[in-house]
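Novice: return a 3D structure for these sequence lines:
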Amino acid sequence: MLSKIKKSNIRVLFVVALTACITSLSAFVPANTPDAMLGTWLTGSKKGHVQIYKQGNQYYGKIVWLKEPIDPKTNQPKTDVNNPDSKKKEQPLLGLVNLRGFTYEGGNVWEEGKIYDPENGKEYSCKITLRDKNTLDVRGYIGISLIGRTDTWVRVK
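Specialist: Numbers count the residues shown, from 1 in each chain. As a prediction, the model looks like this:
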């Protein structure tokens, strides 16, 4: 009887381990593929989540979560108040596309895109590098990439 219990426990452990392996592999997109950066990312400031998605052959990102979604002054959802275009100042920050037009260049790098910073209302050229499957280096710059700032984002899902 003792040997039956041990064999039963071993079978259960094997099934659990096999299920865990299959589940983790199905969720993994290998690095160095064009779609490796798809998913939702926590920004470096930890104030928001950006969902990166593909449209045609280009990659985009939109704000899908804010740590503080309500403007304390108006008690309404935050809007793009810093946008230089007065027509866009009332658009909500949630759902705002702030990454656009990226193309995969190979070697875990996406370029030729733009990033919009709603905190200052400015748009920058941008290069995104997938450091590992859960870490993005997002570099916004003016002119050449040497003159800019890199923000590190961490995968949420």
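
Novice: ok, the residue nearest the centre of the chain - contacts?
Specialist: For the chain, the residue nearest the mean C-alpha position is W41 (2.9 Å; C-alpha atoms, centre = their mean). Applying C-beta atoms under 8 Å, 6 or more residues apart in numbering to W41 gives the contacts 49-52, 61, 136, 153-156. Placement of C-beta: from N, CA and C, glycine included.

Novice: just the buried members of these?
Specialist: 49-52, 61, 136, 153, 155 (16 or more other C-beta atoms under 10 Å).

Novice: ok, so of those residues, who is nearest K127?
Specialist: Within the buried ones among the contacts of W41, proximity to K127 (C-beta to C-beta) peaks at L136, which comes in at 10.7 Å.

Novice: for that closest one, give me the backbone phi and psi.
Specialist: phi -110, psi 140 (degrees, to the nearest 10).

Novice: report the separation between it and N83.
Specialist: L136 sits 24 Å away from N83, going by C-beta to C-beta, to the nearest Å.

Novice: tell me what the helix or strand hosting T129 is packed against?
Specialist: Taking DSSP states H and E as the definition, one finds T129 inside strand 122-132. Of the remaining helices and strands, those touching strand 122-132 by 3 or more C-beta pairs under 8 Å, 6 or more residues apart in numbering; DSSP states H and E are strand 97-106, strand 109-117, strand 135-141.

Novice: can you lay out the ones you listed as a markdown table showing mean pLDDT and distance to K78?
Specialist: A markdown table is the format used below for those (pLDDT from 0 to 100; distance: least, C-beta to C-beta, whole Å):
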| stretch | mean pLDDT | distance to K78 |
| --- | --- | --- |
| strand 97-106 | 97 | 13 |
| strand 109-117 | 97 | 14 |
| strand 135-141 | 97 | 21 |
